[in-house]
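S.K.: Okay, sequence plus prediction incoming.
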Amino acid sequence: SRREKKMERLLRKERKRRKADKKNQRKSKKQDHCKVDVKMNCFSHDNNHWHTAPLWTEGPFCACTNSNNNTYWCVRNINTTHNYLYCEYVTGMITYFDLNVDPFQLRNLLYTVPDSQLNFMHQQVTHLRTFSGEKRFLERKQRNLRLKKNKLRQKSRRKQGMRSRLSLRWAPYCPYVQN
């Protein structure tokens with residue numbers, strides 16, 4: 001009975017391992033042109049994927065989505081001249097979509113953007129990535145407390161100065177004020 005339980009356990013482990021191997025083989029076949037990454041959920045589509053207009057006719061492509069926290073950072077700029085979305089992912093992937101031309105974000109136009117503009121967008125993302133609303137709030141709160149303390153000190157100094165001036169002015173007439 002002990003031997004049977006041990007054999008049963010080994011068989012379960014072997015079945016589990018085979019199942020995982022099959023799953024990995026299916027994944028690798030399915031995503032042969034996608035970058036397989038444990039941090040990203042990538043999937044591929046080809047010309048046969050869509051059955052309704054607009055149909056995709058430019059061959060297979062890889063799309064990666066992620067719902068984990070802090071795995072990508074984006075900047076969206078909308079003004080009279082621009083409407084774009086620039087994103088940096090933890091995997092090193094970078095995307096740039098001109099939403100005036102491509103509102104469904106189907107074409108990554110990263111390689112058409114000048115280096116100066118890429119540097120600007122990267123600096124924006126870096127600044128926003130390190131920004132902390134809580135930290136900014138606490139800094140303002142401390143600054144306001146310092147300002148209040150300084151105002152109170154100035155008021156108390158003024159009062160002390162007034163007292164000393166009054167005492168000097170009235171000293172000759174008041175016997176209880178000593179010089």
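M.R.: Done, it's in. Numbering: from 1, shown residues only.
S.K.: what residue ranges in the protein score low on pLDDT?
M.R.: 26-41, 63-70, 159-179 (pLDDT under 70).
S.K.: residue ranges for the helices of the chain, please.
M.R.: 2-30, 115-130, 133-170 (DSSP state H).
S.K.: Need those helices in CSV (columns: mean neighbour count and distance to Pro60).
M.R.: Where you see a C-beta, it was placed from the backbone N, CA and C, and this is true even at glycine. Listed next are those as CSV, based on neighbours: other Cβ atoms under 10 Å; distance: least, Cβ to Cβ, whole Å:
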stretch, mean neighbour count, distance to Pro60
helix 2-30, 10, 11
helix 115-130, 12, 27
helix 133-170, 10, 42
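S.K.: Just put these in TSV and tack on distance to Phe43.
M.R.: Putting those into TSV (distance: least, Cβ to Cβ, whole Å) gives the following:
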stretch	distance to Phe43
helix 2-30	8
helix 115-130	25
helix 133-170	34
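S.K.: how close does the most centrally placed residue in the chain sit to Cys87?
M.R.: When the chain is reduced to its mean C-alpha position, the nearest residue by Cα atoms, centre = their mean turns out to be Trp73, at 4.2 Å. Separation of Trp73 from Cys87 (Cβ to Cβ, to the nearest Å) stands at 7 Å.
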